[in-house]
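S.K.: Using only what follows, build the 3D model:
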Amino acid sequence: MSSIDLLLVNPLFLHDDPTESKLMTPYFPLGLLYVAAVAREAGYRVEIFDAMFAEGDADFVAALERAQPRVVGFGVLATVRRAALRLAVLAKAHGATVLMGGADPTARPDVYLRHRSDGRYAVDVIAVGESEATMARLLPALLSGTPSKCDLGEMPGLAFRGTDGGVVSTERCALIEDIDALPLPARDLVDWAPYRAAWRAKHGIFSMSLIATRGCPFNCAWCQKIVFGRSFRPRDPVAVAEELRHIKETYRPDFVRIVDDAMGIRKAWVKRWRDAVIESDAVIPFECLSRVDLLDADIVRWLREAGCRRMALGAESGSQKVLDAMTKGVNVEQIRHAAALCREEGIETYFYMMVGYPTETWADLKLSARMLRETRPDQFSTTIAYPLPGTAFYERVKDRLPQGDGLVPDWDFTAENRLLFGRGQYSTYFYRRVIRWFHHEWEDAWIKAGKPVSAVERLRTFIALWRDRILVHLLARMPGLGAQATGWQVDR
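M.R.: Numbers count the residues shown, from 1 in each chain. Take a look at the predicted model:
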């Protein structure tokens, strides 16, 4: 059996991730599908290994034995680093050249390039930043034989081990200016049947993803813009509408998630896209992410007319002091206004909240709880602030991070970050109780606004709310209490 040129790997094993398994909203990473499309357009034989519904590493070994890939490439976020490195060891054992790309390898290439198993390095090269143009240059060199370090040193957008074993990084590759020139993601390489089955079993619908623009020009201190930088490169709105129509007709999803960092950065673009979607009969229910300061009555109405049913908004905090510390560039009143605009148009809102950011106090947390009660988003989630390399937040707290050799993954799985910087008086346990308190404040606000619930549910929420109010108040006044009672240690 002849070998293929490139095997691209999505290393997320859904059954190993308790959070993702509970949410059951699987999306295949579009970045890998863009790389696959570019490589295939250049004439290379490309296949996908998708770990999402795989039973274990044996499935990957079987794929290696069947396809005999010469190059194996991984798209990696910090949350799947552990699995990616484990699979890289297996790929290397099968004689493949191993590449890594994505936000986490770009941010910390040394963690990948220095990873060993049984004395053998697992990763050969890192594609730094935006990968399509880098892969177009790199694949010919790799497939023509093992390139010398000198050859790699002449290519932008790479990191690799030098002759002395140290990590060598070349100059950053320029961002792709004309992203409309890229082929559409190679969705035909993915088996969508298990995705459809999983979505419908959990939610009664099937959802797919699309990207309309790349990058975000704003400056949130905790946001890792290590791949796209602070660029903003929109695709032609007509081309995006055509891709949406293709997805609608070919795969027949019930819903689409537009994964742009912020919808609405250019108001005229939204209007042209709305018109193109309607004209091409591409309207399909979708959700997108935006910023509260971008939304006005026109944009929200146009998005609703194009099919928007849910808007995710980075609210983060109800405290202006904390928003300013994040360099978020928005104010609390804009959060309230954006929520009201969406409600007027019948668009559900989903708030992203954050706790534990530097300078945040107990008074700030109470302001966040009040905002959740007043705005009543349809859904929300809360994360404990964590610093990612390449961000202003990381630079601010890096001297308070756990010290080590840098090779131990700081994520066990989604939402279980182990990279906890010293926060002073409050423990991780305290913030996890705050998250539960927020949720019960939000539930109670909906009940008081007239949400129909049973008497039992009303009583359960009342008891849980007052329990959490009392507990977090005590923990805020006596921060060592939670650590002593539960065995959790205060982070310092």
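S.K.: What is the neighbour count of the residue nearest to T213 when sequence neighbours are not counted?
M.R.: Using Cβ to Cβ, 6 or more residues apart in numbering and skipping residues adjacent in sequence, the residue nearest T213 is P234, 4.2 Å away. Heads up, the C-betas are built off the backbone N, CA and C, glycines and all. By other Cβ atoms under 10 Å, the residues close to P234 number 19.
S.K.: any idea how far P234 is from T19?
M.R.: Plainly put, P234 is 32 Å away from T19 if you go by Cβ to Cβ, to the nearest Å.
S.K.: coming back round to it: contacting residues around the residue nearest to T213?
M.R.: 212-213, 265-266, 269 (Cβ atoms under 8 Å, 6 or more residues apart in numbering).
S.K.: Check the residue nearest to A96 when sequence neighbours are not counted and give its pLDDT.
M.R.: Of all residues not flanking A96 in the chain, V72 sits nearest, at 4.4 Å (Cβ to Cβ, 6+ apart). The score at V72 is 98. That number is its pLDDT.
S.K.: Just confirm V72 is within a strand.
M.R.: Yes - counting by DSSP: H, G, I helix; E, B strand; the rest coil, V72 is part of a strand.
S.K.: coming back round to it: most neighbours among the contacts of P234, which one?
M.R.: T213 (25 neighbours).
S.K.: Low-confidence ranges, the chain, go.
M.R.: 1, 146-147, 149-150, 402-424, 479-492 (pLDDT under 70).
S.K.: on that earlier part again, show me which of the contacts of P234 is closest to I284.
M.R.: A212 (13.6 Å; Cβ to Cβ).
S.K.: Was I right to think the closest one contacts V270?
M.R.: No - using Cβ atoms under 8 Å, A212 is not in contact with V270; the gap is 9.8 Å.
S.K.: any common contacting residues for those two?
M.R.: With Cβ under 8 Å, 6+ apart as the test, A212 and V270 both reach M263.
S.K.: The residue nearest to A96 pairs with what?
M.R.: Per DSSP bridges, residues listed as beta-bridge partners of V72: L7, V98.
S.K.: Distance of V472 relative to L295?
M.R.: 31 Å.
S.K.: Could you do R86 as well?
M.R.: Taking Cβ to Cβ, one finds R86 at 42 Å from L295.
S.K.: Equivalent analysis for A276, please.
M.R.: 21 Å.
S.K.: So for these two, which residue has more residues nearby?
M.R.: L295 (23 against 20).
S.K.: Next, count neighbours for K22.
M.R.: Neighbours around K22, by other Cβ under 10 Å: 11.
S.K.: tell me which residues in the helix or strand that contains it are buried?
M.R.: Counting by DSSP states H and E, the element that carries K22 is helix 18-23. Buried residues in helix 18-23, counted by 16 or more other Cβ atoms under 10 Å: 20-21.
S.K.: ok, now stretch 443-457?
M.R.: For stretch 443-457, by 16+ other Cβ under 10 Å, it's 443-445, 447.
S.K.: Okay, strands next: where are they in the stretch 151-300 of the chain?
M.R.: 158-161, 167-169, 207-210, 213-214, 233-234, 255-258, 286-290 (DSSP state E, counting those that start in this stretch).
S.K.: Name every strand pairing with the longest one and say which way it goes.
M.R.: When you say that, I think you mean strand 286-290. Short version: by DSSP bridges, strand 286-290 pairs with strand 255-258 (parallel), strand 308-316 (parallel).
S.K.: to the chain's geometric centre, what's the distance from the first one?
M.R.: In other words, strand 255-258. Strand 255-258 sits 15 Å away from the centroid of its parent chain (Cα atoms, centre = their mean, to the nearest Å).
S.K.: Dump it to PDB, restricted to CA.
M.R.: Extracted in PDB, the C-alpha atoms of strand 255-258 (Å, rounded to 0.1, in the frame of the first residue of the first chain):
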ATOM      1  CA  PHE A 255     -27.500  25.500  13.000                       C
ATOM      2  CA  VAL A 256     -24.200  27.200  12.300                       C
ATOM      3  CA  ARG A 257     -21.600  28.700  14.600                       C
ATOM      4  CA  ILE A 258     -19.600  31.600  13.100                       C
END
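S.K.: what sits up against that strand?
M.R.: Contacts of strand 255-258 (Cβ under 8 Å, 6+ apart): 27, 205-212, 244, 247, 284-289, 307, 309.
S.K.: isn't the residue nearest to A96 right next to V9, touching?
M.R.: Yes - applying Cβ under 8 Å as the test, V72 and V9 come out as touching, 6.3 Å apart.
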